[in-house]
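Student: turn this into a model:
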Amino acid sequence: MKSVILDVDTGIDDAMAIVYAARSPELELVGLTTCFGNIPVQDATRNSLLMLEKLGVQAPVAEGAAVTFRRGEKEDYARHVHGQDGLGGIVDKEPAGHKADVSAADFIIEQVKKRPHELTIIAVGPLTNIALALEKAPEIVPLIAELVIMGGAVYVRGNVSPYAEANIKSDPEAAKYVLHSGVKTTLVGLDVTMKTLLPHAQLEHWRASDNPLGPYLAQMTDFYMACYEGFQPGIGGCPLHDPLAVGIAIDSSFAQYEDVQVDVVTEGEKDGQTVANPEGTTKIRVCVGVENERFLDHFLNRMV
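Tutor: Down below sits the predicted model:
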């Protein structure tokens, strides 16, 4: 069993990633850490606690960065993609549980030192919490078993600009710091996540499920799919960005890879762009292909 921390900015695909991770026997969910991104960090913490409550899973939720690594406060959020509450408008109560009495960065540091060479971090939001932890405790770099990041668009177009993917664009300096840190890293970007389509027809199966989680997932995901239909008329579903990062942490054979250095542009028109540098010395593993149908079957078998 692989011990994991899931670092989230809990919008809709993060919520699906939390369910997938919590229901995968290959993973021990050590805890969640939250960051700004799709929504403000306080909302991401609430949504994370609500998802664990729905799952009946007890795990600490450590609240993290409310502002970027170097630039200060983030002012715009992806509410048009994830809804005002981050979960497609389905939040109707506050969670019964409470956040942990430790920051996300400190939680990461503590858990890595407690489990040297054993802990995988799956980061599916901006990389601010990871950067803060590495800056505060650089000695943990060789102790992290692996960092799996949903982020970037190395060989394809971005989704928030022609050049940049949303998580990297939300905090380019944090991404640059982390990708050059020397942590063993796998980058799961738009190069592959845009190929992982959850079809709209699946929502009917979730709605008809005897498990009360099914209709809950269907309602939030319907909002997300409607947004993608606006972006790409006729798409017929939504990409599984964050769940794919969880899937690859479970089974790396879902993807094909290339080892390159990835640089991050931190200014100008191309701010947030991830650029492959084959000659660089700080190489990471970049996903360049995915076995979509096999991954999708695996994901669906773990959900409802």
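Student: hey, which helix or strand in the chain has the poorest pLDDT?
Tutor: helix 79-82 (a mean of 92; mean pLDDT, DSSP states H and E).
Student: could you tell me how far it lies from the centre of the chain?
Tutor: In terms of C-alpha atoms, centre = their mean, to the nearest Å, the centre of helix 79-82 is set 16 Å apart from its chain centre.
Student: how many other residues sit next to Lys169?
Tutor: Look at Lys169: counted by other C-beta atoms under 10 Å, it has 24 neighbours. No exception for glycine: its C-beta is placed from N, CA and C like everyone else's.
Student: once you drop chain neighbours, what's closest to it?
Tutor: Gly272 (3.3 Å; C-beta to C-beta, 6 or more residues apart in numbering).
Student: what does Gly289 give?
Tutor: Gln256 (3.6 Å).
Student: am I right that Ile168 sits in a strand?
Tutor: No: counting by DSSP: H, G, I helix; E, B strand; the rest coil, Ile168 is not found in a strand; it is helix.
Student: contacting residues for it?
Tutor: Taking C-beta atoms under 8 Å, 6 or more residues apart in numbering, we find Ile168 in contact with 126-127, 151-153, 175, 264, 272-274.
Student: what about these, which one has the most neighbours?
Tutor: The residue in the contacts of Ile168 with the most neighbours, by other C-beta under 10 Å, is Ala175 (33 neighbours).
Student: I'd like the mean pLDDT over the helix or strand hosting Ala226, please.
Tutor: Secondary structure from DSSP states H and E places Ala226 in helix 213-231. Averaging pLDDT along helix 213-231 gives 95.
Student: format the CA atom coordinates belonging to that helix as PDB.
Tutor: In PDB, the C-alpha atoms belonging to helix 213-231 read as follows (Å, rounded to 0.1, in the frame of the first residue of the first chain):
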ATOM      1  CA  LEU A 213     -22.700   9.400  -3.200                       C
ATOM      2  CA  GLY A 214     -23.800   8.600  -6.800                       C
ATOM      3  CA  PRO A 215     -26.400  11.400  -7.200                       C
ATOM      4  CA  TYR A 216     -24.100  13.800  -5.400                       C
ATOM      5  CA  LEU A 217     -21.300  13.200  -7.800                       C
ATOM      6  CA  ALA A 218     -23.700  13.300 -10.800                       C
ATOM      7  CA  GLN A 219     -25.100  16.700  -9.800                       C
ATOM      8  CA  MET A 220     -21.700  18.300  -9.400                       C
ATOM      9  CA  THR A 221     -20.200  16.700 -12.500                       C
ATOM     10  CA  ASP A 222     -23.200  17.800 -14.600                       C
ATOM     11  CA  PHE A 223     -22.300  21.400 -13.900                       C
ATOM     12  CA  TYR A 224     -18.700  20.700 -14.900                       C
ATOM     13  CA  MET A 225     -19.700  19.000 -18.100                       C
ATOM     14  CA  ALA A 226     -22.000  21.900 -19.000                       C
ATOM     15  CA  CYS A 227     -19.000  24.200 -18.600                       C
ATOM     16  CA  TYR A 228     -16.900  22.100 -20.900                       C
ATOM     17  CA  GLU A 229     -19.700  21.900 -23.500                       C
ATOM     18  CA  GLY A 230     -19.600  25.700 -23.500                       C
ATOM     19  CA  PHE A 231     -15.800  25.600 -24.200                       C
END
